[in-house]
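Asks: Quick one, what's the 3D model for this:
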Amino acid sequence: MRLTLFSAGALLFLSLLSRGSGLQTIVGQYGEVIEVPCNKGNAEDFYMIKWKYTKSDSSTGDLVVKSSGLNATITPDMDYNGRISLKPDFSLLITQAKLSDQKRYTCMVVMATDIFEYEVQVTIRKAPSPPTIANQATEMKIGTLTMLGECSTKDANPPAKITWLKNKIPLVNDDKVTKITSDVRTDKVTGLSSTFSKLEYAAVKGDLNAKFSCAVQHITLDLDLETAPVTFIITYPTEKVKLQVVSANLIKEGDNVTLKCKADGNPPPSSYSFHIKGKKMKVENSDNYTLTNVSRANTGEYKCSLVDNDAIADSVNITVMYLDIANVSKGRIIKNLDESFEATLVVNASGESEISWSKNNVKLSAPAKFDKLKYSDSGVYESVVSMAGLIRKASFELVVLGAPVINKLTKHRSNDGNFKVLKCEAEGSPKPTVQWSINGTNATESPYVDGRVTHTITIIPTVNLTVNCTVSNDLGQASKGLDVSTLFEEVTMDKQAEDSNGQARVAVGVVIGVILAALAIGLIYWVYMKRTRQGSWKTAEKEDDTLEESKKLEENPCQKSEA
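Replies: All right, here's what the predicted structure looks like:
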């Protein structure tokens, strides 16, 4: 008995000596399994393993005891009933972790010669719920602190922190423009904390369409939890209005012009006053006023203002572009050949204009001006005046008149030689009528262009005759004659001409033959004389003729030839 008491005392003393000096801390997640390690749990020569915990009043409570060779004994405890067990390595398992499990646990190992104690501090953490915004305001007034909403996150340990953001930038409490009030509430049953934060904010005009949100920071989160952004209607009175002209850059006569009045207040006014040429026109449930089919008389100053305050107003000047043409040559203008003529056109415009001319839809390089009119100048002339989208057109028809004349009267045989073809080329306006003094066939007339026309007929004359071409119009007539012989006479004359040509060719041949013969005789004589002289120089022999005859022959070489 004494030995037992002594042994127990010795063991106690040894345990005090062997108590671990360090304190291990582990973190458990709320509602999950916590494993509290026993650092000497792998000892094989232990007598006893015991787990205990430290209560809030510093006293201890036993949880489980295991003696060597026996099953573990769990000490009844209401806080841990059915939630604790021992692992083979003597680690303590606590299921369905609660916040009350957050305390210090001690593992005591009794061995043959020593007693060891290992303390472990258990901390329980709980991630917060996603934040929400309640009691959200509908609108804000500029310069007035307005409670925008209350952001909350629940059931966290340790308590979560809430931050308010505007356009993703954190707001800082200054109790003037921004006032943030935070509160942490702890659940009496679970011990978990909920955080609440109220935001009061004094808006400025720049906060129109600003996006507000709140974010939660917690030790268990890698990223902040953030609410969806919300916007608030910001109300403020109108201080300025702006009058705009909804139209093209250049306003021209005939356009519709819309005046639009915009206010910087929110909400904007629903009605405006438009000052139109000295008259005040109230427009309800609209911010615009339309001038239809404007004219140059609409040029001037226009203004819009608030219905209840004419001092808050804006004005614009409108200039209506116009284009007129006057003293224009138009209709059908009749002139005589060789007269002078110049088209007239006077432009009255609000700016610089462009003028183009055309004749019969072909563009001209210069206006219609003529010092001496020709038939080809007749036609339809058009002037187009344009400026800033405005276009004015005018046209006239110029007719150049003149008595007809015959420019050319010609004849020739047809290709097959069986007909005579007569052509009468005439000029005049109105178009001349062409008549022949003889009936013909295959009568054709060319198109009447630039006052000219050509009339053609074919005839077979049986006798020599004179054919007249007569051209006439309302201003006069002209006639010209042409001698035409029969086809037989022309053929005979052609034959005679051919015979004459043949005789001439024969005579020329005879002359050429005589010339050639003379040249041949001369050439023969020259060869002969050359040979004769060469023979005399070579020998001293005498020919059959006498010396006297030789001398004569030398004096008169032609004599021997004639002989």
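Asks: all contacts plus neighbour counts: C-alpha atoms, from now on.
Replies: Noted.
Asks: residue ranges of the strands in the stretch 301-450 of the chain, please?
Replies: Taking DSSP state E, counting those that start in this stretch, the strands of the stretch 301-450 of the chain run over residues 309-318, 320-321, 323-326, 331-336, 341-342, 346-349, 354-359, 362-364, 369-370, 379-387, 390-413, 420-429, 433-436, 441-445.
Asks: Comparing the ones you listed, which comes out most buried?
Replies: strand 420-429 (a mean of 23; mean count of other C-alpha atoms under 10 Å).
Asks: by contact count, what packs against that strand?
Replies: Using 3 or more C-alpha pairs under 8 Å, 6 or more residues apart in numbering; DSSP states H and E as the contact test, the elements touching strand 420-429 are strand 390-413, strand 452-459, strand 465-473.
Asks: what lines up beside it in the sheet?
Replies: strand 390-413 (antiparallel), strand 452-459 (antiparallel) (DSSP bridges).
Asks: ok, residues contacting it?
Replies: Contacts to strand 420-429, defined as C-alpha atoms under 8 Å, 6 or more residues apart in numbering, come from residues 375, 400-414, 432, 451-461, 469, 471, 473.
Asks: Between the strands of the stretch 301-450 of the chain, which one is closest to Asp255.
Replies: For Asp255, the closest of the strands of the stretch 301-450 of the chain is strand 320-321, at 8.9 Å, according to C-alpha to C-alpha.
Asks: so what does the closest one touch, helix or strand wise?
Replies: Partner elements for strand 320-321 (3+ C-alpha pairs under 8 Å, 6+ apart): strand 251-252.
Asks: residues in contact with the strand it packs on?
Replies: Outside strand 251-252, the residues that reach it (C-alpha under 8 Å, 6+ apart) are 257, 294-295, 318-322, 388-390.
Asks: closest to Gly331 among these?
Replies: Nearest to Gly331 among the contacts of strand 251-252 is Leu390, at 23.0 Å by C-alpha to C-alpha.
Asks: Surely the closest one and Leu323 touch.
Replies: Yes. Applying C-alpha atoms under 8 Å, one finds Leu390 in contact with Leu323, separated by 6.7 Å.
Asks: Which of the strands of the stretch 301-450 of the chain sits closest to Val230?
Replies: strand 309-318 (32.8 Å).
Asks: what's the distance between the spatially most central residue of the chain and Val241?
Replies: For the chain, the residue sitting closest to the mean C-alpha position, by C-alpha atoms, centre = their mean, is Ala248 at 20.2 Å. Separation of Ala248 from Val241 (C-alpha to C-alpha, to the nearest Å): 22 Å.
Asks: before we move on, what about Asp416?
Replies: Relative to Val241, and taking C-alpha to C-alpha, Asp416 is found at 96 Å.
Asks: neighbour-wise, which of those two wins?
Replies: When neighbours are counted by other C-alpha atoms under 10 Å, Asp416 and Val241 differ, and Val241 comes out ahead with 20 against 6.
Asks: Was I right to think that one contacts Lys262?
Replies: Yes. Using C-alpha under 8 Å, Val241 is in contact with Lys262, at 5.4 Å.
Asks: could you dump the strands of the stretch 301-450 of the chain to JSON lines with mean pLDDT and distance to Gly206?
Replies: Below are the strands of the stretch 301-450 of the chain laid out as JSON lines (pLDDT from 0 to 100; distance: least, C-alpha to C-alpha, whole Å):
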{"stretch": "strand 309-318", "mean pLDDT": "93", "distance to Gly206": "21"}
{"stretch": "strand 320-321", "mean pLDDT": "92", "distance to Gly206": "38"}
{"stretch": "strand 323-326", "mean pLDDT": "92", "distance to Gly206": "48"}
{"stretch": "strand 331-336", "mean pLDDT": "93", "distance to Gly206": "68"}
{"stretch": "strand 341-342", "mean pLDDT": "94", "distance to Gly206": "69"}
{"stretch": "strand 346-349", "mean pLDDT": "93", "distance to Gly206": "48"}
{"stretch": "strand 354-359", "mean pLDDT": "93", "distance to Gly206": "50"}
{"stretch": "strand 362-364", "mean pLDDT": "93", "distance to Gly206": "60"}
{"stretch": "strand 369-370", "mean pLDDT": "92", "distance to Gly206": "68"}
{"stretch": "strand 379-387", "mean pLDDT": "94", "distance to Gly206": "45"}
{"stretch": "strand 390-413", "mean pLDDT": "93", "distance to Gly206": "45"}
{"stretch": "strand 420-429", "mean pLDDT": "93", "distance to Gly206": "83"}
{"stretch": "strand 433-436", "mean pLDDT": "93", "distance to Gly206": "90"}
{"stretch": "strand 441-445", "mean pLDDT": "88", "distance to Gly206": "88"}
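Asks: Output those strands as JSON lines; include the columns distance to Arg104.
Replies: Formatted as JSON lines, the strands of the stretch 301-450 of the chain follow (distance: least, C-alpha to C-alpha, whole Å):
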{"stretch": "strand 309-318", "distance to Arg104": "74"}
{"stretch": "strand 320-321", "distance to Arg104": "92"}
{"stretch": "strand 323-326", "distance to Arg104": "100"}
{"stretch": "strand 331-336", "distance to Arg104": "118"}
{"stretch": "strand 341-342", "distance to Arg104": "119"}
{"stretch": "strand 346-349", "distance to Arg104": "101"}
{"stretch": "strand 354-359", "distance to Arg104": "101"}
{"stretch": "strand 362-364", "distance to Arg104": "107"}
{"stretch": "strand 369-370", "distance to Arg104": "118"}
{"stretch": "strand 379-387", "distance to Arg104": "96"}
{"stretch": "strand 390-413", "distance to Arg104": "96"}
{"stretch": "strand 420-429", "distance to Arg104": "130"}
{"stretch": "strand 433-436", "distance to Arg104": "136"}
{"stretch": "strand 441-445", "distance to Arg104": "131"}
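Asks: and Pro128, which of these is closest to it?
Replies: Taking C-alpha to C-alpha, strand 309-318 is the member of the strands of the stretch 301-450 of the chain nearest to Pro128, at 52.9 Å.
Asks: Export that closest one to CSV, keeping only CA atoms.
Replies: What follows is strand 309-318, C-alpha atoms only, in CSV (Å, rounded to 0.1, in the frame of the first residue of the first chain):
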residue,chain,number,x,y,z
ASN,A,309,-38.8,80.2,-64.7
ASP,A,310,-38.0,82.1,-67.9
ALA,A,311,-34.6,83.0,-66.4
ILE,A,312,-33.4,79.4,-66.9
ALA,A,313,-33.2,79.4,-70.7
ASP,A,314,-31.1,78.9,-73.7
SER,A,315,-31.2,80.3,-77.3
VAL,A,316,-29.9,79.5,-80.8
ASN,A,317,-29.8,81.4,-84.1
ILE,A,318,-31.2,79.7,-87.1
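Asks: Pull up the pairing partners for that strand, direction included.
Replies: strand 300-306 (antiparallel).
Asks: List the buried residues of the strand it pairs with.
Replies: Residues of strand 300-306 classed as buried: 302-306 (neighbour count, 16 or more other C-alpha atoms under 10 Å).
Asks: who's in contact with Ser213?
Replies: The contact partners of Ser213, taken as C-alpha under 8 Å, 6+ apart, are 164-168, 226-230.
Asks: That one bridge partners, please.
Replies: Assessed by DSSP bridges, Ser213 has beta-bridge partners Leu165.
Asks: Perfect, I'm done here.
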